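Novice: prediction below, plus the sequence it came from.
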Amino acid sequence: MSEIEPTELGTRLNNGDDLFILDIRHENEYEDWHIPGSENIDVYDELTESEDEAAEEALSEISEDNEIVTVCTAGIVSGRATDVLQDMGYEAKTLVDGMNGWSRVHRSAPIDTDIDGTLLQVARPGKGCLSYVLVSDGEAAVFDPSQYTEEFDALLNDYDAELVGVYDTHAHADHVSGGREFAEDHDVPYYLHPADALSIDVTPLEDGQTHAIGRVDVTVIDTPGHSQGSVTFAIDEKALLTGDTLFHRSVGRVELGVEAGIEDTDVESNAATLYESLRRLRNQPGDPLVLPSHDPGSPEPPVSARMSEVETENADLNRDRESFIESLANDVPDHPPNFQRVKGVNVGNETVTDEELSTLELGPNNCAAE
């Protein structure tokens with residue numbers, strides 16, 4: 001069986017290579033979560049039941065002009081699809097580990113900011129997650145890292161920078177944070193607001209704190225609502241790392257902590273709190289870049305927008321208080337997969353094995369209110 005590694009696929013797609021990405025999963029799974037640009041031909045049952053002739057009939061309409069990459073959840077059944085396609089005369093490869101592997105791909109790029117240092121955005125296109133690495137005068141800080149901490153170690157090595165702190169904007173519900181592990185590995189503080197650190201030891205964040213990373217100041221702004229401990233990090237008043245509080249075209253949802261059983265508030269009061277937090281962000285000086293911790297689809301870094309642009313494009317920011325609360329409290333989209341357990345791990349209420357960690361967060365990112 002011919003295979004292609006997820007990182008190689010990501011690079012080739014980024015380079016514009018003419019590939020046909022064939023997702024053979026059931027249609028509902030494909031609709032929930034897939035590689036952008038892929039096409040779905042549901043032959044999963046035929047392949048698992050060794051009904052090769054039926055699978056061949058469904059696959060026979062595929063053009064022979066492009067190299068095919070087959071995709072399923074874990075790369076097992078899609079391997080069978082590759083074998084069938086090769087027997088039919090197609091050039092085909094299997095994506096190693098399927099969507100599981102795709103979720104581990106990371107890409108990074110510097111953000112154009114007027115600071116005395118470098119701010120890198122690290123994207124996980126398979127999850128829509130965005131992390132950040134700030135480097136200045138030989139020091140570095142990492143914000144909202146994924147559990148795949150080797151990706152961030154590589155960037156520290158590339159910039160020959162010493163890690164001095166790891167920060168999370170909040171206890172995430174869609175992915176397992178690598179913050180605690182990364183901080184422990186480097187013997188540096190792990191920063192999180194105490195309202196989101198229910199059963200873990202952290203270095204607490206407080207509103208108005210300023211941390212110097214090299215020659216760049218990072219200031220903490222309390223912005224609760226999405227979670228009780230959500231904060232935003234202002235980078236020299238030039239950029240705002242807004243976590244899940246403010247996205248470019250939406251805002252953070254307000255019911256996840258309540259439904260996970262770790263917040264004693266209700267969705268209406270959370271929505272009202274978020275409304276005030278957003279007002280506070282909009283009142284920050286200048287016209288800073290808004291840099292959230294998620295972006296829908298498959299983000300290609302750098303993903304950024306000025307606050308003035310966000311205010312124009314984000315309908316949630318133009319609602320009055322009453323309609324804002326009503327909308328967020330009642331128009332609830334699908335939840336992120338396993339969000340109760342993911343949230344539980346990130347606040348320290350739950351422990352999972354390494355094997356469980358690799359699959360716990362798989363699936364689409366659904367942390368925006370719409």
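Specialist: On my side now, so go ahead. Numbering: from 1, shown residues only.

Novice: all contacts plus neighbour counts: C-alpha atoms, from now on.
Specialist: Will do.

Novice: the strands in the stretch 1-150 of the chain, which residues?
Specialist: Here the stretch 1-150 of the chain has its strands, by DSSP state E, counting those that start in this stretch, at 3-4, 19-23, 39-40, 67-71, 92-95, 107-111, 118-124, 129-136, 139-143.

Novice: out of the ones you listed, nearest to Asp287?
Specialist: strand 107-111 (15.3 Å; C-alpha to C-alpha).

Novice: strand partners (parallel or antiparallel) of that closest one?
Specialist: strand 118-124 (antiparallel) (DSSP bridges).

Novice: residues in contact with the partner strand?
Specialist: 103-113, 129-136, 298-303 (C-alpha atoms under 8 Å, 6 or more residues apart in numbering).

Novice: one more time with 6 Å
Specialist: Applying C-alpha atoms under 6 Å, 6 or more residues apart in numbering, the external contacts of strand 118-124 come out as 105-111, 129-135.

Novice: which among the residues you listed count as buried?
Specialist: For the contacts of strand 118-124, a neighbour count by 16 or more other C-alpha atoms under 10 Å gives the buried set as Val105, His106, Arg107, Ser108, Ile111, Cys129, Leu130, Ser131, Tyr132, Val133, Leu134, Val135.

Novice: which ones are touching the most centrally placed residue in the chain?
Specialist: In the chain, the residue lying closest to the centroid (C-alpha atoms, centre = their mean) is Cys129, at 1.5 Å. By C-alpha under 6 Å, 6+ apart, the contact list for Cys129 reads Ala123, Ser293, His294.

Novice: from these, which one has the minimum pLDDT?
Specialist: By pLDDT, His294 ranks lowest within the contacts of Cys129, coming in at 91.

Novice: and that residue, what are its phi and psi?
Specialist: Here is the backbone geometry of His294 (degrees, to the nearest 10): phi -150, psi 160.

Novice: leaving out the residues flanking it, which one is nearest to it?
Specialist: Nearest non-adjacent residue to His294, counting by C-alpha to C-alpha, 6 or more residues apart in numbering: Cys129, 4.5 Å away.

Novice: local confidence estimate at that neighbour?
Specialist: pLDDT, Cys129: 92.

Novice: what number of residues lie near the closest residue in space to Ala54 that isn't next to it in sequence?
Specialist: Nearest residue to Ala54, sequence neighbours excluded (C-alpha to C-alpha, 6+ apart): Glu46, at 6.5 Å. Per other C-alpha atoms under 10 Å, the neighbour tally for Glu46 reads 16.

Novice: and Glu46, how far from Ile24?
Specialist: Distance of Glu46 to Ile24, computed by C-alpha to C-alpha, to the nearest Å: 10 Å.

Novice: about what we covered before: what's the farthest-apart pair in the buried ones among the contacts of strand 118-124?
Specialist: Most distant of the buried ones among the contacts of strand 118-124, by C-alpha to C-alpha, are Val105 and Val135, 22.2 Å apart.

Novice: Leu289 touches Arg306, doesn't it?
Specialist: Yes: the pair Leu289 / Arg306 is scored as a contact, 4.4 Å apart, by C-alpha atoms under 6 Å.

Novice: more neighbours, the two?
Specialist: Neighbour count, other C-alpha under 10 Å: between Leu289 and Arg306, Leu289 has more, with 25 against 17.

Novice: for the more buried one, which residues are in contact?
Specialist: Shown in contact with Leu289 (C-alpha under 6 Å, 6+ apart): Ala239, Ala305, Arg306.

Novice: mind putting those in a markdown table, secondary structure and pLDDT included?
Specialist: Conversion of the contacts of Leu289 to a markdown table gives the following (DSSP: H, G, I helix; E, B strand; the rest coil; pLDDT from 0 to 100):
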| residue | secondary structure | pLDDT |
| --- | --- | --- |
| Ala239 | strand | 98 |
| Ala305 | strand | 96 |
| Arg306 | strand | 97 |
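
Novice: show me which of the residues you listed is closest to Ser277.
Specialist: Ala239 (16.4 Å).

Novice: my guess is that closest one contacts Pro288. True?
Specialist: Yes: the criterion here is C-alpha under 6 Å, and Ala239 meets it with Pro288 at 4.7 Å.

Novice: the two: who's more crowded?
Specialist: Shown here are Ala239 and Pro288; by other C-alpha under 10 Å, Ala239 has more neighbours (25 against 21).

Novice: what bridges to the more buried one?
Specialist: Per DSSP bridges, the residues bridged to Ala239 are Ile235, Leu289.

Novice: what about it, distance to Asn270?
Specialist: 25 Å.

Novice: Ser50 now?
Specialist: 51 Å.

Novice: show me which of those two is the more surrounded one.
Specialist: Remark: of Ser50 and Asn270, Asn270 carries more neighbours, 24 against 12, as counted by other C-alpha under 10 Å.

Novice: many thanks, have a good one.
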